[in-house]
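Engineer: Here is a sequence with its predicted model. Questions after.
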Amino acid sequence: MPAINFAHVKFGERDSCVTAFQRALIERGHRIPAGATGYYGDQTKSACAAFQRAQGWSGSGADGLPGPQTFARLGFTDSRSGSGGGSGRVASPVPGRSVTYPYGVRNSRYAAGFHTGDDYAAPTGTPVVAVRSGTIAWSNDNGGAYGKWLGLRADNGRDYVYCHLSAREVRTGARVSAGQRLGRVGATGNVTGPHLHFEDRPRGGGYGDVRDPRW
Ligand SMILES: [Zn+2]
């Protein structure tokens, strides 16, 4: 999760934190004619206001000047606030567990020809948590080879996919915050043992449309 100093992102300021902010707006389709120059002028203000309106905000919520919600929706944390707080960094989708079988391993047993996510082996029932804040795009038992699964549509525009769960504890449409429990590790679908298979897809991406998971 990128951290910038929120206090450096202000109208009239020139700073590398402004550059990061501009890049995030441009990445989401909001044009800044001069590009990510690092200067917060009228063009950046317009792009920011367009992004804010796209969130459904109006009035002072869409004035082109970022507040905490704007930064959060763009996926930024405040570098001044350290790692604490409700939207703080989540180290693992399975707290306390590391990757046991990584993304990208080539193997013809996968339809995509490679392992499309990171695996976290853990006993059935181990909690899994949201790696970022966002909305649950789906949560059902219809994952096929992925068994009980759910998709977290995160505030950085990515879909994080949690597979093979034994239990789902959030419904489609639920708003969740980083670190919130979503369900439990299991062995549903096509598996040899209990683990979380965790994918990082672009918003709306399907099977194989993935990157090495990061958040
Ligand atoms: Zn896997």
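Structural biologist: Looks like it came in fine.

Engineer: Student question: in the protein, what's the helix or strand with minimum average pLDDT?
Structural biologist: One helix or strand of the chain scores below all others by mean pLDDT, DSSP states H and E: strand 77-78, with a mean of 79.

Engineer: list the helices and strands that one packs on?
Structural biologist: strand 3-4 (3 or more CB pairs under 8 Å, 6 or more residues apart in numbering; DSSP states H and E). For every residue, glycine as well, the C-beta is placed using N, CA and C.

Engineer: which phi and psi does residue 45 have?
Structural biologist: phi -60, psi -40 (degrees, to the nearest 10).

Engineer: and the chain, which residues reach the ion?
Structural biologist: 119, 197 (CB under 5 Å from the ion).

Engineer: Alpha carbons of stretch 165-181, in CSV - could you do that?
Structural biologist: What follows is stretch 165-181, C-alpha atoms only, in CSV (Å, rounded to 0.1, in the frame of the first residue of the first chain):
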residue,chain,number,x,y,z
LEU,A,165,-12.6,-21.4,2.0
SER,A,166,-14.4,-23.6,4.6
ALA,A,167,-16.5,-20.6,5.7
ARG,A,168,-17.5,-17.2,4.2
GLU,A,169,-18.3,-14.6,6.8
VAL,A,170,-19.2,-11.6,4.5
ARG,A,171,-21.9,-11.2,1.9
THR,A,172,-21.7,-9.8,-1.6
GLY,A,173,-21.9,-6.0,-1.4
ALA,A,174,-20.6,-5.7,2.2
ARG,A,175,-18.1,-2.9,2.9
VAL,A,176,-15.0,-4.1,4.7
SER,A,177,-12.0,-2.5,6.1
ALA,A,178,-8.4,-3.7,5.9
GLY,A,179,-7.7,-6.5,8.4
GLN,A,180,-11.4,-7.4,8.8
ARG,A,181,-12.1,-11.1,8.9
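
Engineer: residues in contact with the closest residue to residue 123 other than its chain neighbours?
Structural biologist: Of all residues not flanking residue 123 in the chain, residue 194 sits nearest, at 6.1 Å (CB to CB, 6 or more residues apart in numbering). Applying CB atoms under 8 Å, 6 or more residues apart in numbering, we find residue 194 in contact with 121, 122, 123, 124, 126, 164, 166, 185, 186, 187.

Engineer: if we take those residues, which one ends up nearest to the ion?
Structural biologist: Nearest to the ion among these is residue 164, at 8.0 Å by CB to the ion.

Engineer: burial count for residue 19?
Structural biologist: With neighbours defined by other CB atoms under 10 Å, the count for residue 19 comes to 18.

Engineer: Pass me the low-pLDDT residue ranges in this protein, would you?
Structural biologist: Counting by pLDDT under 70, the chain shows low-confidence ranges at 1, 80-88.

Engineer: Return the set of buried residues in stretch 41-53.
Structural biologist: Across stretch 41-53, burial judged by 16 or more other CB atoms under 10 Å covers 43, 44, 45, 46, 47, 48, 49, 50, 51, 52.

Engineer: Just the C-alphas of that stretch, formatted as PDB.
Structural biologist: Backbone C-alpha positions of stretch 41-53 (Å, rounded to 0.1, in the frame of the first residue of the first chain) are rendered in PDB as follows:
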ATOM      1  CA  GLY A  41      -2.400  23.400  -9.800                       C
ATOM      2  CA  ASP A  42      -5.700  23.800 -11.500                       C
ATOM      3  CA  GLN A  43      -5.300  20.800 -13.800                       C
ATOM      4  CA  THR A  44      -4.800  18.500 -10.800                       C
ATOM      5  CA  LYS A  45      -7.600  20.100  -8.900                       C
ATOM      6  CA  SER A  46     -10.000  19.400 -11.900                       C
ATOM      7  CA  ALA A  47      -8.800  15.800 -12.100                       C
ATOM      8  CA  CYS A  48      -9.200  15.400  -8.400                       C
ATOM      9  CA  ALA A  49     -12.700  16.900  -8.500                       C
ATOM     10  CA  ALA A  50     -13.600  14.500 -11.400                       C
ATOM     11  CA  PHE A  51     -12.400  11.500  -9.300                       C
ATOM     12  CA  GLN A  52     -14.400  12.700  -6.300                       C
ATOM     13  CA  ARG A  53     -17.600  13.100  -8.400                       C
END
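
Engineer: Fine, thanks again, bye for now.
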